[in-house]
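got a predicted structure here, sequence first:
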Amino acid sequence: MLASAGQAQGQVFERGYVVTTAGDTLRGELQNRFWQSPPTEVAFRPAADAPTRLFPRRSLRVFRLDGGRYFRAEVLPLDRNASTNVNSLSMRLSYNQHPDSLLAEVLVDGPVPLLRAVVDNVTHFFVRRPGQPYLELAERKYLARSNGRQNVVDANNYKAQLSVYFEDCPAAVTAANAAPFSAKGLAAVVQAFAVQSTAGKQAGAEFVALARPNRPIAVNAGVLVGSVFNPLRLNNNETGEEEPLFDGVNLDGRLHALGGAYVDVLLPGRKWAVHGEGVLNSYGRRGTFAVPGGAATYAWYGTRVDVRLGPRYAFVQQPTHELFAGAGLNMNFTTSSESEARYGNGPVGTTRLTSRNVRLPTQSGFIGVPSSGLGLYVEAGLRRGRFTLSLDAMIKDGFDYNDPLAVQTGSRSPLTPSDETAIYNRFNYSASLLTFRTVLAFRLNRQPDQSPIR
């Protein structure tokens, strides 16, 4: 039977079972979140058409997917200070190990188990021989100065740790000295000890080949359409010889259609995604307003391309839908523009003379079109099956415009202040670009995580 086609992006259910702390074993379907870090909850449903139930970590002993991945609740000696991030390394080697309750992934199950947990992007393995506590093996680095230089030192001494821990088993020590720091390499060490030095002399059940997360990264792509509203109201707080013509004028303030394409890169766990899109849309409008002795008209419009990149987080995931929020950067590029203002109805080249003898044109282009640059956006949306509906808002640095059709101050000779002049200062306007969008997206590819449930 195939999983429901109406499942939300990044959700796939597979056959498996959970064992609760109450001792109940429940078989059904588990949501595979392609875990990299220890799971904090597990979504379970008895059948494809049954409601989903969330089990928090503290209520589970075990859960396993029939496809192979196997997790078990354990109290493990965990050093959360172990780090490989060069930007946060300490200047000395230090250990800070404490017991921690985790749903750890089981790689080898038997007399000598091997577990794995990735915590803060650091891989920790845990091995245990009969009658002994778990031994933690962790990636770790630190900073040290040598010859006046600061160096990154690899302090993962797992081979020495294993050689001491299994020192009474030559086969395990030999395997440890040759083992890479990987699930397969360490499984060879514990299996050597299990076969050579345990009472049953039998290898444990191995899940290494099945434990690799299937498609830890997945990609969705599709098309999108929608509408965009761009309020762009000009402001001027200055006074002058004439009134500023465009003070309070909204150069846009209407709905425009948009269309484009998007790509979502789904990260392990499927809660987070990196969203990118490219959209073509129009902007601006034509308008008129009254001026002394007539009317003024303006045309300010064109097309632009918006490119967005940012993270999305699914804060609600249900079998049929997801709710998400996101934020990121918006880069816009103006691809075509038309910008013109006209004072009165005279032909091209007409001028007018103000009451204070300033000669100026009655027709001109705006000095300023939407400039390319970065903006910030926030968004929220609902995803159901192949469709995604989202609302977002974007703000970009303000634009500066100046208007050659009105005089703020004329430039006159002190000797002949009443003579006609064509030199004057213009009114300047400022405006912040706000954008509000409603977008409907349609995923073109099939659900990348989807596989048959057997």
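The structure has been received and is ready for your questions. Residues are numbered from 1 along each chain as shown.

show me where the chain has helices.
Secondary structure of the chain, counting by DSSP state H: helices at 158-165, 170-178, 183-197, 208-211.

of those, which stretch is the most buried?
With neighbours defined as mean count of other CB atoms under 10 Å, the helices of the chain peak in mean count at helix 183-197, which reaches a mean of 22. No exception for glycine: its C-beta is placed from N, CA and C like everyone else's.

Gly310: neighbouring residues, count only.
18 (other CB atoms under 10 Å).

residue contacts, the closest residue to it other than its chain neighbours?
Nearest non-adjacent residue to Gly310, counting by CB to CB, 6 or more residues apart in numbering: Gly328, 1.5 Å away. Going by CB atoms under 8 Å, 6 or more residues apart in numbering, Gly328 touches His275, Arg308, Leu309, Gly310, Pro311, Leu376, Tyr377.

distance of Gly328 relative to Ile395?
Relative to Ile395, Gly328 is positioned 13 Å away (CB to CB, to the nearest Å).

mutual contacts of those two, please.
Leu376, Tyr377.

which stretches of the stretch 251-400 of the chain have low pLDDT?
In the predicted model of the stretch 251-400 of the chain, residues 293, 319, 367-371, 398-399 satisfy pLDDT under 70.

surely Val358 meets Asp419?
No: when contacts are counted by CB atoms under 8 Å, Val358 is not listed as touching Asp419 (10.6 Å).

who has more neighbours, these two?
Taking neighbours as other CB under 10 Å, Val358 and Asp419 compare with Val358 leading, 21 against 9.

nearest residue to that one in space, please, no chain neighbours.
Nearest residue to Val358, sequence neighbours excluded (CB to CB, 6+ apart): Gly410, at 4.2 Å.

which strand residues bridge the one you found?
Tyr424 (DSSP bridges).

alpha carbons only: can I get stretch 384-395 in PDB?
Extracted in PDB, the C-alpha atoms of stretch 384-395 (Å, rounded to 0.1, in the frame of the first residue of the first chain):
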ATOM      1  CA  ARG A 384      -0.700  20.500   2.100                       C
ATOM      2  CA  GLY A 385       0.300  17.800  -0.400                       C
ATOM      3  CA  ARG A 386       1.800  19.500  -3.500                       C
ATOM      4  CA  PHE A 387       0.400  22.900  -2.600                       C
ATOM      5  CA  THR A 388       1.900  25.700  -0.400                       C
ATOM      6  CA  LEU A 389       0.100  28.900   0.500                       C
ATOM      7  CA  SER A 390       2.200  31.600   2.200                       C
ATOM      8  CA  LEU A 391       2.000  35.200   3.300                       C
ATOM      9  CA  ASP A 392       5.100  37.300   3.600                       C
ATOM     10  CA  ALA A 393       6.400  40.900   4.100                       C
ATOM     11  CA  MET A 394       9.600  42.500   3.000                       C
ATOM     12  CA  ILE A 395      11.300  45.800   3.800                       C
END
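
now that stretch, how far from the chain's geometric center?
Put simply, stretch 384-395 sits 14 Å off its chain's centre (CA atoms, centre = their mean, to the nearest Å).

what sits up against that stretch?
Taking CB under 8 Å, 6+ apart as the rule, stretch 384-395 contacts 5-9, 222, 320-322, 330, 375-383, 432-443.

let's see it at 6 Å
Outside of stretch 384-395, the residues within contact range by CB atoms under 6 Å, 6 or more residues apart in numbering are 6, 321, 330, 375, 377-382, 434-443.

show the buried residues in these.
321, 330, 375, 377, 379-381, 434-435, 437, 439, 441, 443 (16 or more other CB atoms under 10 Å).

return the member of these nearest to Ser163.
For the buried ones among the contacts of stretch 384-395, the residue nearest Ser163 by CB to CB is Arg443; the value is 51.7 Å.

so that closest one sits against Ala221, correct?
No: at 7.3 Å, Arg443 does not count as touching Ala221 under the criterion of CB atoms under 6 Å.

wait, which of the helices of the chain is closest to Glu105?
Proximity to Glu105 (CB to CB) singles out helix 208-211 among the helices of the chain, at 6.0 Å.

so Leu405 touches Tyr343, yeah?
Yes: at 4.6 Å, Leu405 and Tyr343 qualify as touching, with contact defined as CB under 6 Å.

which of the two has more neighbours?
When Leu405 and Tyr343 are compared for neighbours, Tyr343 comes out ahead with 26 against 23, by other CB under 10 Å.

could I get the contacting residues of the more buried one?
Ala296, Thr362, Leu405.

which ones are touching the first one?
What that stands for is Ala296. Counting by CB under 6 Å, 6+ apart, Ala296 makes contact with Leu245, Phe289, Tyr343.

domain parsing for this protein?
70-211, 218-443 (automatic domain parsing).

the buried ones among the contacts of stretch 384-395 in strands, which ones?
Among these, the residues falling in strands (DSSP state E) are Asn330, Gly375, Tyr377, Glu379, Ala380, Gly381, Leu434, Thr435, Arg437, Val439, Ala441, Arg443.
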